[in-house]
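Participant: prediction below, plus the sequence it came from.
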Amino acid sequence: MAQDQLDRTAELMTDADITDVSMSVSKILVATDGSATAVEATKVGISLAKCFNAEVIALFVGPGNVEDPMQYIEQEQLEGVHHTAAGLKIAAQLGEKNGIKVTAAIAQGSVAHEVLEACKANDVNMIVIGSEGRTGFKRVALGSVAEAVLRDAHVPVMVVRHCSTEFCITPQA
């Protein structure tokens with residue numbers, strides 16, 4: 001890459017470019033599949049909503065019309081997560097406890113695609129999503145929903161890694 005094509009933004013900034021900064025967030029989308037990491041991400045989303053005086057849209061994406069139910073069950077076992085809309089109830093309860101308006105939404109299909117569509121349809125300013133942080137074959141085999149959302153979102157995305165916050169949830173047997 002030629003020297004003149006390198007991004008040198010910080011090097012070229014002057015004192016006049018250093019200004020007050022602020023960010024307005026009125027709607028936060030939290031994706032949930034009922035897993036421990038999703039519950040942790042929901043708590044982070046509710047906490048951020050308190051900071052910004054924002055509302056939360058909690059989204060569960062179901063599999064839609066699954067041609068082979070056994071394939072879906074096998075995927076759940078490989079991931080170690082039983083995908084459930086129960087996370088929506090938890091989000092509503094957390095919102096009520098913390099004075100945050102939470103709207104539950106359910107979509108069907110590809111999770112990353114539906115998260116991004118819900119973001120656009122609801123004029124969301126931020127997305128909070130959990131990630132198990134899989135590596136190697138499991139990541140290749142399953143793909144990474146959080147990575148796909150992060151790559152294609154047009155708003156800031158906060159990815160919450162399991163047990164990376166004070167809200168860490170240990171999965172129950």
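Facilitator: Sure, I can see it.

Participant: where exactly do the helices run in the protein?
Facilitator: 9-12, 36-52, 69-79, 86-98, 111-121, 136-142, 145-152 (DSSP state H).

Participant: what's the spacing between the fifth one and its chain's center?
Facilitator: What that stands for is helix 111-121. 10 Å (CA atoms, centre = their mean, to the nearest Å).

Participant: what is it packed up against?
Facilitator: strand 27-31, strand 55-62, strand 102-108, strand 126-131, helix 145-152 (3 or more CB pairs under 8 Å, 6 or more residues apart in numbering; DSSP states H and E). From N, CA and C alone the C-beta is placed, and that goes for glycine too.

Participant: just put the ones you listed in JSON lines and tack on distance to Thr37 and mean neighbour count.
Facilitator: Output for the helices and strands packed on helix 111-121, formatted as JSON lines (distance: least, CB to CB, whole Å; neighbours: other CB atoms under 10 Å):
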{"stretch": "strand 27-31", "distance to Thr37": "10", "mean neighbour count": "26"}
{"stretch": "strand 55-62", "distance to Thr37": "14", "mean neighbour count": "24"}
{"stretch": "strand 102-108", "distance to Thr37": "19", "mean neighbour count": "16"}
{"stretch": "strand 126-131", "distance to Thr37": "4", "mean neighbour count": "26"}
{"stretch": "helix 145-152", "distance to Thr37": "9", "mean neighbour count": "18"}
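
Participant: so which of those gets nearest Ser164?
Facilitator: strand 126-131 (9.4 Å; CB to CB).

Participant: centre of the chain to the closest one, how far?
Facilitator: Distance, stretch centre to chain centre, for strand 126-131: 2 Å (CA atoms, centre = their mean).

Participant: for that strand, output the C-alpha coordinates as CSV.
Facilitator: Output in CSV follows, covering the C-alpha atoms of strand 126-131 (Å, rounded to 0.1, in the frame of the first residue of the first chain):
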residue,chain,number,x,y,z
MET,A,126,-26.7,0.5,19.7
ILE,A,127,-26.7,-3.3,19.7
VAL,A,128,-25.6,-5.4,22.7
ILE,A,129,-25.0,-9.1,21.9
GLY,A,130,-23.4,-12.0,23.7
SER,A,131,-20.7,-14.2,22.4
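
Participant: would you mind pulling up the elements that that strand packs against?
Facilitator: strand 27-31, helix 36-52, helix 111-121, helix 145-152, strand 157-161.

Participant: could you dump those to a markdown table with mean pLDDT?
Facilitator: Below are these laid out as a markdown table (pLDDT from 0 to 100):
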| stretch | mean pLDDT |
| --- | --- |
| strand 27-31 | 98 |
| helix 36-52 | 96 |
| helix 111-121 | 95 |
| helix 145-152 | 92 |
| strand 157-161 | 94 |
